[in-house]
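Peer 1: Have a look; sequence and predicted model below, questions after that.
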Amino acid sequence: MSIPTRSECLELLQQFGMPEHIRRHSLIVTEIALYLGTRLNQDSVRLDLPLVEAAALLHDVGKMRSFETGENHAALGARMLDGIVHS
């Protein structure tokens, strides 16, 4: 499995039409997740920080579409990304 880079994640957010305010939220979540992950890794935890970064950036990728479909945005986002980030 290939973990998308930060720039690939940001490109996916644009491709899926994520509004600016949700993109800003995802960037804030990412910075907090990376800070916490780095601190935990300093204390003998072994988190995969590129995976933490990608997950944080993409955690709301299905948010806007879920408003239209009524689906759970996390499950919808996973389906939207399936096949894209695994290829």
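Peer 2: Perfect, I can see it now.
Peer 1: Give me the most central residue, the chain.
Peer 2: By CA atoms, centre = their mean, the chain has its centre lying nearest to Leu58, at 1.8 Å.
Peer 1: Skipping adjacent residues, who's closest to that one in space?
Peer 2: Among residues not flanking Leu58 along the chain, Cys9 sits closest, at 5.6 Å (CB to CB, 6 or more residues apart in numbering). From N, CA and C alone the C-beta is placed, and that goes for glycine too.
Peer 1: Could you check how many residues crowd around that neighbour?
Peer 2: 22 (other CB atoms under 10 Å).
Peer 1: Let me know the pLDDT of Met1.
Peer 2: pLDDT recorded at Met1 is 57.
Peer 1: Three-state assignment for Ile84, please.
Peer 2: Recorded secondary structure, Ile84: coil (DSSP: H, G, I helix; E, B strand; the rest coil).
Peer 1: so the residue nearest to the centre of the chain touches Ala78, yeah?
Peer 2: No - here Leu58 does not reach Ala78: they are 9.3 Å apart, not a contact under CB atoms under 8 Å.
Peer 1: picking that back up, which SS state does the residue nearest to Leu58 fall under?
Peer 2: Cys9 carries the three-state label helix when classified by three-state DSSP.
Peer 1: State the distance from it to Val29.
Peer 2: With distances defined as CB to CB, to the nearest Å, the gap from Cys9 to Val29 amounts to 12 Å.
Peer 1: Lys63 reaches Glu71, doesn't it?
Peer 2: No - with contacts defined as CB under 8 Å, Lys63 does not count as touching Glu71, sitting 10.6 Å away.
Peer 1: so Asp60 touches His25, yeah?
Peer 2: Yes - counting by CB under 8 Å, a contact exists between Asp60 and His25, whose distance comes to 6.8 Å.
Peer 1: Can you mark which positions in the helix or strand bottoming out on mean pLDDT in the chain are buried?
Peer 2: The helix or strand of the chain with the lowest confidence, counting by mean pLDDT, DSSP states H and E, is helix 63-69 at a mean of 84. Neighbour-count burial for helix 63-69, counted by 16 or more other CB atoms under 10 Å, picks out Lys63, Arg65, Ser66.
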